[in-house]
Structure formats: C-alpha cells, structure tokens
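# This is the structure alone, sequence omitted:
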C-alpha cells in the first residue's frame, strides 16, 4: 500500500512540474522601424549642431514630416535642401526648382535641382551636419541617389558630417547592365546596375568605400539602419515616392518601363496610372488605349497630350523580382517607324550604347542578359562589403 501511495505522490509531483513549464508562443517578427523614427539613435548626434535636412514629402516619422518632428524636439534646423520634384514632391520630372522659404516651417529651402545640384560651400557655411532622409526605389536612374552623391561630395569637401536615415528598398534585387562611365549623367552616376539592390544607406557606404566622390574623398558618414526589415521582405511605400509612381504596381514596374522614357512610347504620364500603361498613337492595332492629359501635381504637358495612345495595360500583370526587357523588345518590334523608335536619351538611361544595338539587331532577352553576366557577378561581389541587411 505504501508503495502505491509513493507512486501516486511521484505522479502528482510530475504533473505539477509539467504545469509549471512556461507557456511558449510563436515569436512575433520585429516591428519595422525606418531610420527616421529611431530618435534615440540619432538625436544625440544632432545636439548643439546646426542641421540641414535633405528631404522631400517622403521624409515621414510616422505620420508627421521629419522637419516638423525635429523642430518640435528642439533640433536647430537651419535649412532644407530639396531634390528633384521639390520639397513637397509636386514638381514635374525635370522641372527647374527655385529656392524659397517654407512658410509652415519658416526655413529657407535650397533647391538641388535648379541653379546647382551640389550644395555650394556658401550654402554649407552655417551647417554642421546634413541629414538625408528620402525614399528611394532601387534604380540607378532615380535621381534622389544622385542628390545623395552630391551632398556627400560637398560635405566631404567642406568638413561636414552626413547622417543617412535609412528606408527599405521596394525593388531590392540586382539586375540590368552595369553603367559604362562614358555614359555617366545625373540619371546614372555610378558603375552599378540599373537595379542596384541597395538601400540608400548601403549605397552611401559604397560611394564612400569605392572612392567615387571627386578626388577620391570620403565624407564623415553615419547610417541609421532600418529595424525589422530583410531585403527579401515586401515593402509598400507609405506615400508615393514621386508624382508618377502612385502605387506598388508602378514602383515594381518602374525598373522595366523607365527605358521607354528614351523612346517614342508613352509610359502613361498624363493619366492616373503612370508606369502601368504603355502606348503610342501609331500602334493602332493594339486593343488597349489611353489619352494623356495635363494633370496638376502629376504631369503638365505630357507626351502625346490629348492624343489617343494604343498599347498595353499592365495594371494587373504579375511583376517578378527581375528587370523585364520583353516590354521594350516587343514594342520595338510592333512600332512601324523603327528608325525613330529610340531617342538619344535611351543610351543615357541604359548607361551603355550596347542595349539599343542589341535590340535593333534582334537579340532575344536571354541573349542580352547573357552579356550582363560578367559585370553583374563583379558588382555582386563588390556589393557584399557594404550590405547592412540580410
């Protein structure tokens, strides 16, 4: 009997121990935090400093503009540098931006897409540190990264620090031809592929590390990384990064469709679906059609204004994480006046004169891609040194 009692006591003790085991729940993924909201990490760097912001409408800390947030926290903001499309992000592509004063903030706004694209020594005289916070879309021809380059270069020359508040890259993969430096321009400043697979912070590290600033200088640089993001994670931009990238579909298609800006094909500027439709008035055999019109805040005087364009509706097509050359190849084949299909700007966007020749010579997408292979392999190896995210 005593033996049975002992067994019962042991079983009871085991059950009680099992009940005391901690209850485990699936681990929640870390919350995504862009650099701008990590105040504890960068506000101490701004104490006692005269701060210039390189920002636009995408520079949000939560739902509030970074400039408003920093001003309310007592940061000594002295000026704003504005990129293409302006501080409020409403100017047309390529539109000259004038200097001015932001009435809400009472701060001077210095255009970096007007009389100068690089801050002058005089414009940096009253600045100790420049804070860069602009949403990029991961393509070489998106000019915000060219503005980053010139800000870094000017700060290196004038002994100023640059702080990049990083944001995710919505097109975080590597693809396309690597830029031939003979075609260097404001829409392609670095020997990187069309789709470079870097955040702005990672690219800033690469610009410094590869000695791409004038004279091989490096600037004093600090990157505040994104928390809770990996490069394979889908990222939806909370606001349109520029007037003609209104949604996720346009942003994903942009690397493939921007080539058409160097052709006679409309990318839908002057519609509510830019970079989601393509066409031309001469492609009358195609079923889909649209008519570009002037739209305030998106595109004034678009190509083929008030003319019916026939082409393709890409608003709902699946978009892979790769550059799709077939669109350009197919539209070239369909266009009746092939001698006038390309403009001189095409080579500038492509960063090489080879892509146009390959399309004109009838090479397939697979054959064209094969010609990129060696350059992409070298780039990916070099890129590894500057990656922050897995």
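Noted; the coordinates are in hand. Only a predicted model underlies this, so the values are computations on that prediction, with no experimental measurement involved.
# for the stretch 51-200 of the chain, what spans make up the strands?
Along the stretch 51-200 of the chain, counting by DSSP state E, counting those that start in this stretch, strands occupy 51-55, 60-61, 64-65, 77-82, 100-102, 107-111, 129-133, 161-165, 174-178, 193-196.
# could you give the mean pLDDT of the second one?
With pLDDT averaged residue by residue, strand 60-61 scores 96.
# now do the first one
Along strand 51-55, the predicted confidence averages to a pLDDT of 98.
# got a list of contacts for it?
With contact meaning C-beta atoms under 8 Å, 6 or more residues apart in numbering, strand 51-55 is reached by 59, 65-67, 70, 75-83, 87, 112, 124, 127-134, 147-148, 151. Just so you know, the C-beta spots here come from the backbone N, C-alpha and C atoms, and that holds for glycine as well.
# Domains of the protein: list them as residue ranges, please.
As assigned by automatic domain parsing, the chain contains the domains 35-235, 248-352.
# weakest of the strands of the stretch 51-200 of the chain by average pLDDT?
Looking at these, the lowest mean pLDDT belongs to strand 100-102 (a mean of 89).
# Give the other helices and strands that that strand contacts.
Helices and strands touching strand 100-102, by 3 or more C-beta pairs under 8 Å, 6 or more residues apart in numbering; DSSP states H and E, are strand 107-111.
# Residue 376 - that's part of a strand, no?
No: counting by DSSP: H, G, I helix; E, B strand; the rest coil, residue 376 is not part of a strand but helix.
# neighbours around it, how many?
Residue 376 has 17 neighbouring residues, counting by other C-beta atoms under 10 Å.
# Return the per-residue confidence for it.
For residue 376, the model assigns a pLDDT of 98.
# One more: residue 13?
At residue 13, the pLDDT value in this model is 43.
# now do the one 4 residues further on
According to the per-residue confidence, residue 17 scores 39 in pLDDT.
# mind checking pLDDT for the closest residue to residue 228 other than its chain neighbours?
Of all residues not flanking residue 228 in the chain, residue 30 sits nearest, at 3.7 Å (C-beta to C-beta, 6 or more residues apart in numbering). Note for residue 30: predicted pLDDT of 76.
# try the one 4 residues further on
Reading off the per-residue confidence, residue 34 sits at a pLDDT of 98.
# Am I right that it is in contact with residue 164?
No: checked against C-beta atoms under 8 Å, the pair residue 34 and residue 164 is beyond contact range at 11.3 Å.
# Looking at these two, which has the bigger crowd around it?
Comparing residue 34 with residue 164 by other C-beta under 10 Å, the one with more neighbours is residue 164, at 28 against 24.
# how near is the more buried one to residue 213?
Using C-beta to C-beta, to the nearest Å, we find residue 164 at a distance of 15 Å from residue 213.
# again, but for residue 92
30 Å.
# what's the answer for residue 140, then?
Note on residue 140: its distance to residue 213, by C-beta to C-beta, is 17 Å.
# In terms of packing, which of these two has more residues around it?
Legend: neighbour count by other C-beta under 10 Å for residue 140 and residue 213, higher for residue 140 (26 against 19).
# hang on, isn't that one packed against residue 194?
Yes: using C-beta under 8 Å, residue 140 is in contact with residue 194, at 5.2 Å.
# Of all the domains of the chain, which one is nearest residue 384?
domain 35-235 (10.6 Å; C-beta to C-beta).
# now do the same end-to-end measure for that closest one.
With C-alpha to C-alpha, to the nearest Å as the measure, the ends of domain 35-235 fall 15 Å from one another.
# Next: stretch 116-130.
Length of stretch 116-130, first residue to last, C-alpha to C-alpha: 17 Å.
# And the contacts of it?
With C-beta under 8 Å, 6+ apart as the contact definition, stretch 116-130 has outside contacts at 45-46, 49-54, 78-79, 81, 110, 112, 146-147, 150-151, 153-155, 157-158, 160-163, 186.
# I'd like to know which of those residues are buried.
Neighbour-count burial (16 or more other C-beta atoms under 10 Å) is assigned, among the contacts of stretch 116-130, to 46, 49-54, 78-79, 81, 110, 112, 146-147, 150-151, 153-155, 157-158, 160-163, 186.
# how about the helices of the stretch 51-200 of the chain, start to end?
Taking DSSP state H, counting those that start in this stretch to define them, one finds helices in the stretch 51-200 of the chain at 66-72, 144-158, 200-209.
# what about those helices, which gets the closest to residue 307?
helix 144-158 (31.0 Å).
# ok, and what's touching the closest one?
Helix 144-158 is contacted by residues 54, 56, 81, 83-84, 112-113, 117-121, 124, 130, 132, 134-136, 160-162, 164, 186-187, 189-190, 200, 203-204, 207-208, 212-214, 217-221 when judged by C-beta under 8 Å, 6+ apart.
# now do stretch 370-380
Under the contact criterion C-beta under 8 Å, 6+ apart, stretch 370-380 has outside partners 174, 175, 176, 177, 178, 191, 192, 193, 354, 358.
# my read: the second one touches residue 195, true?
Yes: A contact is recorded between residue 175 and residue 195 when judged using C-beta under 8 Å, the distance being 4.4 Å.
# Overlap of the contact sets of these two?
Counting by C-beta under 8 Å, 6+ apart, the residues touching both residue 175 and residue 195 are 255, 323.
# Beyond the lowest-mean-pLDDT helix or strand in the chain, next helix or strand please.
Of the helices and strands making up the chain, the lowest-confidence element is helix 2-19, at a mean of 42, by mean pLDDT, DSSP states H and E. Using DSSP states H and E, the helix or strand that directly follows helix 2-19 along the chain is helix 39-46.
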